[in-house]
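Engineer: Give me coordinates for this.
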Amino acid sequence: MEYISLIVFIVFTSIHLYASYHRDKPLRNKTKPLILLSLLGYYCFGADRIRPVVVLALIFSWIGDILLIPDGNKWFTAGGISFMVSHFFFVLSYLKDVYFKIISPIIVIVLAAFFIITVNIIFRKLKDSLPKSLFYPMYLYLLINGTMNCFAIFRYLTSPDLAGIITVVGAALFFISDTSLFFVRFKKNGSLKTHFIVMLTYSIGELLIVLGLMMK
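Structural biologist: Numbering: from 1, shown residues only. Below is the predicted model:
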């Protein structure tokens, strides 16, 4: 079942990416809910020990996917809240493998500064395109995603190994996916016109995070 779930994940992700590239919204809406469900199945069947925080992170990501399907800022906000909860559980899943005593405070400060500066640059470009009511909630959300990335890096620095690298790359792709979504959804005159990049980085990012957690 582990490999069947992985095959299902790959198949439906591929179909969804095809639909995203060709702007086939009905097909996108039909395939999107199955991406995270199959990834959750892959984790539950493949992990040596199922960790509830990882399951919850994937479930809230799946709920976020569902809530983002309808149009409208209220649905977008609800989906964002669900993904914030997902990031919280991902942070908890990393914490078990983080030993802060060996992590230099300078690294913590540099990483925090990097993501704060990056988020500020992103929102400077988005400022004129966003509804005022969403600006600060979206700003906060992307900072929380950056925090999730920081903890993935702390995990790798605690125990530098392949599992840590894979998780860090997955977390970074998740950040890129969210940033791309903001531009696709709100910057109508921007270069990103479809959800293809959004879902490509999101699907691979979630898969790599799960793989990195399973390998540890």
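Engineer: Report the buried residues of the one helix or strand residue 111 maps to.
Structural biologist: In this structure, residue 111 is located in helix 105-126 according to DSSP states H and E. Within helix 105-126, the residues scored as buried using 16 or more other CB atoms under 10 Å are 111, 115, 118-119, 122-123, 126. For glycine as for every other residue, the C-beta is placed from the backbone atoms N, C-alpha and C.
Engineer: Which of those residues scores worst on pLDDT?
Structural biologist: Minimum pLDDT across these is recorded for residue 126, with 91.
Engineer: count of neighbours near the residue lying closest to it once chain neighbours are set aside?
Structural biologist: On the basis of CB to CB, 6 or more residues apart in numbering, the spatially nearest residue to residue 126 that is not a chain neighbour turns out to be residue 182, at 5.9 Å. For residue 182, the count of nearby residues is 24 (other CB atoms under 10 Å).
Engineer: List the contacts of residue 182.
Structural biologist: In this structure, residue 182 makes contact with 122, 126, 130, 138, 142, judged by CB atoms under 8 Å, 6 or more residues apart in numbering.
Engineer: and it, what pLDDT?
Structural biologist: In this prediction, residue 182 has a pLDDT value of 95.
Engineer: Now do the stretch of helix or strand it belongs to against helix 105-126, angle only.
Structural biologist: Taking DSSP H and E as the definition, residue 182 sits inside helix 162-186. Helix 162-186 and helix 105-126 are oriented at 20 degrees to each other (axes from the mean of the first three to the mean of the last three CA atoms, to 10 degrees).
Engineer: Now do the helix or strand just after helix 162-186 and helix 162-186, the angle between them.
Structural biologist: As assigned by DSSP H and E, the chain's next helix or strand after helix 162-186 is helix 196-215. Angular relation of helix 196-215 and helix 162-186 on a 0 to 180 degree scale: 160 degrees, by the same axes, to 10 degrees.
Engineer: Quick one: distance of helix 196-215 to the chain centre.
Structural biologist: In terms of CA atoms, centre = their mean, to the nearest Å, the gap separating the centre of helix 196-215 from the centre of its chain is 7 Å.
Engineer: Give me the helices and strands touching it, please.
Structural biologist: With contacts defined as 3 or more CB pairs under 8 Å, 6 or more residues apart in numbering; DSSP states H and E, the secondary structure elements packing on helix 196-215 are helix 2-21, helix 25-46, helix 52-67, helix 162-186.
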